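Q: Give me the fold of what follows.
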Amino acid sequence: MSSRCWLCCFGLIGIPMLFATPSPLMAQDFLIDGPPLVVKTTYGPVEGQKIKDVQVFRGIPFAAPPVGPLRFRPPVAPAAWSQPLAAKVRTPACAQVLYYDPTENSNDVMSEDCLTLNVWTPATDTNARPVMVFIHGGALVGGSARNTWYDGTTLAKRGDVVVVTIQYRLGVLGFLELAKFGDKDFAESGNAGYLDQVAALEWVQKNIGNFGGDPKNVTIFGESAGGASVYAHMGNPRSAGLFHKAIIESGVPGEFCTMQEATTEAQKLLTAASLNTAEQLQKLSMEQLMRLEDKTAEGFGCFVYDNAVFKKTPLDVIAASETPNVPLIVGSNLDEIRYWTTMDALPVVQKTNEALENQLRPLVGAGTPQLLETYMKDYPTYYDAMVTLAGDISFRIPSIRLAEVNSKRQPTFMYLLMYRSKTRGQTGLEYGSAHSMELPFVFGVEYPDVLVVTGPKKEWGTLMEEMTSAWTNFARSGDPNGPDVPRWPHYDYDKRSTMEFTAQQSKAVDDPFSAERLVWTDVPTKKIFDALGLFEKLLPEEN
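A: Sure thing, here's the model as predicted:
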């Protein structure tokens, strides 16, 4: 099941954005006086500005506006320009149906003309700094590089790295499989958003040297669907050579669908629009397409195994070393599912063991009773047990399976965010270590809308310094260890060393929550990766 349906079942799609106001300083920092900074790019010069000892360039086009005849097609180069292009203001988000999410802001300013990126650099010199390219999350249907949670100022300054955040087409505009409904120009439409990411990485290779970065030392990192995107790049020849290290934060490797599934969803949308061809869809307005996406509600938030862009599962490609294997940080958060129970009141309804076994048996098989017994025994309440089980299905166990494969080929580091925020969402429940909680600590952002989720700085200890340093250390050398980071050994089959990031004393622990990991041992990796939407049925009373 696609993550689009996953989010719809939680009531996340189509709900007005309530936290759409970014930090006032961030929103208008183009007003800050500073000397003009002009840098040449492949397509023309861009003019940024210096803010807080960091040089910032926003809204740089890396592809032509994907509108008119270019809608649904792979990205193409933008038209060149000769005069400096003002790169001081955040450009619109890619078109999307807004949904409530306190970790997102500013996405209500949107357009199809959105294929741009942002750059933060300590200096536009020749120092060849490590480059960190961030891919935002949002289930491939939402999100943007406008979000102030992804401000690269602190990361660039503290780590002496160049930070890039990119945008890509979303939902029906980025992942609508139209090969059956149009000519050869639509053969890759189901992965247009992924190809946008590739185009952005190609721009980095051609241009980042002019911004003080090293194109031979690029780390891609992403969270949630952005983490799934990193996984996709690791296992696709299209991205080979465009990056050299990878970081996956709460990635969702199950964010893929078959050609048949994707074509079926495209047919539903065409039927809802009373249309028959991709060319007819190109003539609709952006607003009409967004209404159709909201109406049909599912199926447009996944990469497509189309035998063109994706021919094999990324894990199979990685395992066979068909693309360059790269060093990896991968991990998840302790209470991932609290993101939905706290934010959107996803119900956790107590069920009998028999009912739970009936739902889990198709995935787990004969080991279902032992699995349920393990979780029920190790957690104080039914709610805690089921929220943890659901998070393990969707995030922790897939991360472990990927680490097992990659660690045989390149240095791999596993983490688990243990910090629990005591602030409460609109349901009155605490966020805990919810999905996305690590982002502010990675980026080093402390805006007011961030503190609403993370809690006040006094509760963090040195967590922010540890995570920011670990990520930038890794970008520099492929090893997160350094003066501000507790010793973090490689992950391997024997010790399974995992960094537990906490507010008190972060430390590496061998095989944490081993009992829970072991009960998944006999479940094939493919079945786990395909179980993304299982907990939407497991937790509520319905279904």
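
Q: OK, contacts around the spatially most central residue of the chain?
A: Geometric centre of the chain, nearest residue: Gly226, 2.0 Å, by C-alpha atoms, centre = their mean. With contact set as C-beta atoms under 8 Å, 6 or more residues apart in numbering, Gly226 has these partners: Phe134, Ile135, His136, Gly137, Gly138, Gly143, Glu249, Gly251. Where you see a C-beta, it was placed from the backbone N, CA and C, and this is true even at glycine.

Q: Which residue, other than its chain neighbours, is closest to it?
A: Ile135 (3.8 Å; C-beta to C-beta, 6 or more residues apart in numbering).

Q: Any regions of this protein where pLDDT drops low?
A: 1-35, 297-299, 541-543 (pLDDT under 70).

Q: per-domain residue ranges of it.
A: Split into domains by automatic domain parsing, the chain comes to 1-326, 330-465+502-543.

Q: With distance to Gly482 added, can I get those in CSV?
A: Output for the domains of the chain, formatted as CSV (distance: least, C-beta to C-beta, whole Å):
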stretch, distance to Gly482
domain 1-326, 10
domain 330-465+502-543, 11
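
Q: Which one of those domains lies nearest to Asp479?
A: Among those, domain 330-465+502-543 comes nearest to Asp479, with 6.9 Å by C-beta to C-beta.

Q: Parallel or antiparallel, list what pairs with the longest strand along the chain.
A: Longest strand in the chain, counting residues (DSSP state E): strand 213-223. Sheet pairing for strand 213-223, assigned by DSSP bridges, gives strand 129-135 (parallel), strand 245-249 (parallel).

Q: Tell me which residues of that strand come out buried.
A: For strand 213-223, burial by neighbour count (16 or more other C-beta atoms under 10 Å) applies to Gly213, Asp214, Pro215, Asn217, Val218, Thr219, Ile220, Phe221, Gly222, Glu223.

Q: Extract the C-alpha trace of that strand and format it as PDB.
A: What follows is strand 213-223, C-alpha atoms only, in PDB (Å, rounded to 0.1, in the frame of the first residue of the first chain):
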ATOM      1  CA  GLY A 213      32.100  22.700  -2.000                       C
ATOM      2  CA  ASP A 214      33.800  19.600  -3.200                       C
ATOM      3  CA  PRO A 215      31.900  17.700  -5.900                       C
ATOM      4  CA  LYS A 216      33.900  14.600  -5.100                       C
ATOM      5  CA  ASN A 217      32.700  14.600  -1.400                       C
ATOM      6  CA  VAL A 218      28.900  14.700  -1.500                       C
ATOM      7  CA  THR A 219      26.700  13.200   1.200                       C
ATOM      8  CA  ILE A 220      23.000  12.900   0.500                       C
ATOM      9  CA  PHE A 221      20.700  12.800   3.500                       C
ATOM     10  CA  GLY A 222      17.000  12.700   4.000                       C
ATOM     11  CA  GLU A 223      14.200  12.000   6.400                       C
END
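
Q: ok, now which ones touch the residue lying closest to Gly213 once chain neighbours are set aside?
A: Leaving aside its chain neighbours, Gly213 sits nearest to Val162 (3.7 Å; criterion: C-beta to C-beta, 6+ apart). Val162 makes contact with 119-122, 129-132, 156, 208, 211-213, according to C-beta under 8 Å, 6+ apart.

Q: just His233 next, same as before
A: So His233 contacts Gln197, Val198, Leu201, Ile220, Ser239, Leu242, Phe243, Ala246 (C-beta under 8 Å, 6+ apart).

Q: Now do the end-to-end distance for stretch 358-372.
A: End-to-end distance for stretch 358-372: 12 Å, by C-alpha to C-alpha, to the nearest Å.

Q: before we move on, the earlier item: surely the residue nearest to Gly226 meets Ala232?
A: No: at 9.6 Å, Ile135 does not count as touching Ala232 under the criterion of C-beta atoms under 8 Å.

Q: Go ahead and report the secondary structure state at Gly331.
A: strand (DSSP: H, G, I helix; E, B strand; the rest coil).

Q: how close does it get to Lys311?
A: Between Gly331 and Lys311 the computed distance is 28 Å (C-beta to C-beta, to the nearest Å).

Q: try Ser106
A: Separation of Ser106 from Lys311 (C-beta to C-beta): 36 Å.

Q: same deal with Val230?
A: From Val230 over to Lys311 (counting by C-beta to C-beta), the distance is 19 Å.

Q: Which residue of these two possesses the greater neighbour count?
A: More crowded of Val230 and Lys311, by other C-beta atoms under 10 Å: Val230, with 30 against 12.

Q: ok but that one is inside a helix, no?
A: Yes: Val230: assigned to a helix according to three-state DSSP.

Q: tell me the helices in the stretch 301-450 of the chain, going along the chain?
A: 314-319, 338-343, 353-364, 368-378, 382-391, 397-406, 439-443, 448-454 (DSSP state H, counting those that start in this stretch).

Q: Need the ones you listed in CSV (columns: distance to Ala86 and mean neighbour count).
A: Shown next, in CSV, are the helices of the stretch 301-450 of the chain (distance: least, C-beta to C-beta, whole Å; neighbours: other C-beta atoms under 10 Å):
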stretch, distance to Ala86, mean neighbour count
helix 314-319, 38, 20
helix 338-343, 36, 26
helix 353-364, 52, 15
helix 368-378, 54, 16
helix 382-391, 43, 20
helix 397-406, 41, 22
helix 439-443, 25, 24
helix 448-454, 26, 19
